[in-house]
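Enquirer: 3D model of this:
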Amino acid sequence: MSRTRVCRGYGSPVRNRYLDLLRAAAIVRVIVYHLFGWSWLSIVMPAMGVMFALAGSLTAASLEKRPAAQVVTSRLRRLLPPLWLLGLLAVPVMLALGWTREEDGEHPFTLWKLAFWILPLGDPPGSELGIDSWEPLWYIRAYVWFIVLSPVLWFFWKRLGPACWLLVIAPFATMFVLDRTGFELPETADVVMWDFVTYAACWIAGFAHRDGRLRKLSPVTVFLLAVVLAGAALYFQSGHQGEDAWDLNDVSESQGLYSLAFVLLFLRWQPDMSWLSRKRPLDRAVTLLNARAVTVYLWHNLAIAAIWPLLTLLGFDDLGHLEKPVTLTLALVLTGVAVLLFGWVEDVAARRRPRLWPDIDTPPGATARPAVELAPVPTVLGSDGQPHAGWSEAGRDGEPYAGRPPASERAARDAVTEKLELPVARSHVRQRSRKETKREENSLIPTWWDQKD
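Expert: This next block holds a predicted model:
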């Protein structure tokens, strides 16, 4: 399958805008779901499964090029500082509002558990009043565990050869055993175990996306697999409905099966994304959401919690039929304020020059140039003979970029650039290979997600 590359900006790296668009859509879906609680959104787009799959693909790209210890420490370095900043602000406020005196909260104050705000191997704790600051942090905790265990998963993925797909099946077999036996771990470890088996298939499917194995599957095979998995998920959900009957987030088995179906279907193909550069507002929104995925994920819940107090303060607490559009707009605006105030931490963590509003790909100090459309470039095989679909080699800070063209393609790009007499800032050409964080993290989250997380 051929791909159209777009050189955007002055010497800026080429990114896989399809994957950027998927991540951005997943982040927006998370915000809307947390705002309105519409259960059908979990079926329209299983956002967390998508983000874990993209992060798995990006992590595999790093593990191909760098020692495992460097990959793990680099990703944690990029992920944790935004969490630390949130904790630095939220924990003192929760303590001042009486967290230590709570007796019936979900996380009663325990001094040693504050360590999870530093390294979230368990859920970072918090008070009932501060629930909006810590409730979404299960994703960060799950992401940390996936990062820590990825070297082992990648080792087996590469060694098993054609049998590597057994790793995708293994989480569902584990869930079946857990359901049948009723096996449980202590509470802190039990939630870690269940989140891992719920999303491990998506993370490992990211490995298949990275090394080209997913792309080798025939379209008919992928489509049938997706239909079977989605059908099994909905069938299981119909017999295990909770308070909100069709919210897949409440049932791990349904969530895992349906998320994998969605990931296989949407990562198997690489559509032409040249149209995105012509939709400038959307293009810039996608760039911003990828550059600040972790910040958006960490702060959007607090932004939602602030909506009605703010409206009440302004005297607009009865909006009638305008309630939904007004609250959605405010959620996005207040999240944007959080991006302005706290998003720079993602740049510092990634060892980039801090920017308040990184909604364009042009490097700081460079002059933006019109997009240069490049001719379609055939998929390039890696040293292992597999097509490398998606994430690729590295930037100045060592993090791989999504869809960075190989040397031959970069030469073609440079030739086009010179022909158009656009000077190339060679200092911005990314030469080496290295990994990227979360969210690709590119944010989040997670891998949510960050421009390269």
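
Enquirer: any idea how far the longest helix that the chain contains is from the middle of the chain?
Expert: Using DSSP state H, we find that the single longest helix of the chain is helix 68-96. In terms of CA atoms, centre = their mean, to the nearest Å, the centre of helix 68-96 is set 16 Å apart from its chain centre.

Enquirer: show me what it packs onto, helices and strands only.
Expert: helix 47-65, helix 131-134, helix 138-159, helix 293-305, helix 323-342, helix 344-349 (3 or more CB pairs under 8 Å, 6 or more residues apart in numbering; DSSP states H and E). Using the backbone N, CA and C atoms, a C-beta is placed for each residue, glycine as well.

Enquirer: hang on, Phe207 packs against Phe155?
Expert: No. In this structure Phe207 lies outside contact range of Phe155 using CB atoms under 8 Å: 11.0 Å.

Enquirer: more crowded one of those two?
Expert: Higher neighbour count among Phe207 and Phe155: Phe207, with 25 against 12, using other CB atoms under 10 Å.

Enquirer: ok, and the closest non-adjacent residue to that one?
Expert: Closest residue to Phe207 apart from its sequence neighbours, by CB to CB, 6 or more residues apart in numbering: Ala60 at 4.6 Å.

Enquirer: same question for Glu135.
Expert: Using CB to CB, 6+ apart, the nearest residue to Glu135 is Asn301, at 6.5 Å.

Enquirer: okay, the one you found: pLDDT?
Expert: Note on Asn301: pLDDT of 97.

Enquirer: could you do His107 as well?
Expert: 86.

Enquirer: just give the number of residues close to it.
Expert: 19.

Enquirer: all strands for the stretch 251-400 of the chain, in order.
Expert: 372-373, 391-394, 400-402 (DSSP state E, counting those that start in this stretch).

Enquirer: number of residues surrounding the residue nearest to Phe207?
Expert: Ala60: 28 neighbours (other CB under 10 Å).

Enquirer: what's the answer for Leu63, then?
Expert: With other CB under 10 Å as criterion, Leu63 counts 23.

Enquirer: for Trp40, what are its contacts?
Expert: Trp40 makes contact with Trp246, according to CB atoms under 8 Å, 6 or more residues apart in numbering.

Enquirer: please repeat the previous calculation with a cut-off of 10 Å.
Expert: Tyr33, Asp244, Trp246, Asp247, Leu248 (CB atoms under 10 Å, 6 or more residues apart in numbering).

Enquirer: what score does the nearest residue to the third one once chain neighbours are set aside have for pLDDT?
Expert: Closest residue to Trp246 in three dimensions, ignoring its sequence neighbours and counting by CB to CB, 6+ apart: Ser39, at 5.1 Å. At Ser39 the predicted local confidence, pLDDT, stands at 94.

Enquirer: give the contact list for Ser39.
Expert: Ser39 neighbours (CB under 10 Å, 6+ apart): Tyr33, Gly242, Glu243, Asp244, Ala245, Trp246, Asp247, Leu248, Asn249, Asp250.

Enquirer: out of those, which one has the lowest pLDDT?
Expert: At the low end of pLDDT for the contacts of Ser39 is Gly242, which has 76.

Enquirer: residues near that one, how many?
Expert: For Gly242, using other CB under 10 Å, the count is 12.

Enquirer: can you tell me the closest non-neighbouring residue to Thr287?
Expert: Per CB to CB, 6+ apart, closest to Thr287 is Asp359, 5.3 Å.

Enquirer: tell me how many other residues crowd the one you found.
Expert: 17.

Enquirer: you'd agree it is up against Arg292?
Expert: Yes. Counting by CB atoms under 10 Å, Asp359 touches Arg292, with 9.2 Å between them.

Enquirer: in space, what's closest to Leu328 - neighbours in sequence excluded?
Expert: Leu35 (6.4 Å).

Enquirer: helix or strand for the one you found, which one?
Expert: Per DSSP states H and E: Leu35 is located in helix 17-36.

Enquirer: which elements pack onto that helix?
Expert: For helix 17-36, the elements it packs on are helix 41-44, helix 47-65, helix 252-267, helix 280-291, helix 293-305, helix 323-342, strand 400-402, judged by 3 or more CB pairs under 10 Å, 6 or more residues apart in numbering; DSSP states H and E.

Enquirer: next, the buried residues of it.
Expert: 17-35 (16 or more other CB atoms under 10 Å).

Enquirer: quick one: it to chain centroid distance?
Expert: 9 Å.
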